[in-house]
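**Q** Model the following, please.
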Amino acid sequence: MKRSVLIGLYVGLLSGVAAAATAYLISAFTGLWFSQLNLFSILMASIIPNITGGLIFTKLFQKTSRPKLFYFLLTAGVTLLLTIFDIANPPAENFGIVAHPVHFVVALFSIWLIPRWLKQEEESLAEDYQKEPKTL
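**A** I've put the predicted structure just below:
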């Protein structure tokens, strides 16, 4: 459980920095700057879902034989819903020009890194468990 939270935190930080850089670059090229898209809000909006994603992937890994597929579908669905929400209720005009790529970047990092890092952790734990002598 701690590993899931830590890996989710690390992925959230990495994706948050990448998303903030994406927002900054798009804003610099388009001239569209939004107070809602600042470093703190982007980092928080990246860290919290990725910690949750780490916990969900761990459960999927334990319960199903295809955790990567289900995690991909879940992450893509949530990203699509958030993007549709921004389309339906934009906080400012042309907000989606900057926000939608930010959603996409965070989702890509999550889909790419959470399964990779957590699967390695789960497999190493399973190997350690098999190597230990069983005692009563």
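
**Q** Just to check, Ile51 is in contact with Arg3?
**A** No. If you go by C-beta atoms under 8 Å, Ile51 and Arg3 don't touch, sitting 11.7 Å apart. To be clear about C-beta, it is placed using only N, CA and C from the backbone, and glycine gets the same treatment.

**Q** between the two, who's got more neighbours?
**A** More neighbours surround Ile51 than the other of Ile51 and Arg3, with 20 against 15 (other C-beta atoms under 10 Å).

**Q** Could you check what's spatially nearest to the more buried one, not counting adjacent residues?
**A** Nearest residue to Ile51 in three dimensions, chain neighbours excluded: Gly8, at 3.6 Å (C-beta to C-beta, 6 or more residues apart in numbering).

**Q** From the contact counts, what lies against the helix or strand the one you found falls within?
**A** Using DSSP states H and E, Gly8 sits in helix 2-30. Counting contacts by 3 or more C-beta pairs under 8 Å, 6 or more residues apart in numbering; DSSP states H and E, helix 2-30 packs against helix 39-63, helix 95-131.

**Q** Go through the ones you listed and pick out the most buried.
**A** helix 39-63 (a mean of 19; mean count of other C-beta atoms under 10 Å).

**Q** angle of that one against helix 2-30?
**A** If you take axes from the mean of the first three to the mean of the last three C-alpha atoms, to 10 degrees, helix 39-63 sits at 140 degrees to helix 2-30.
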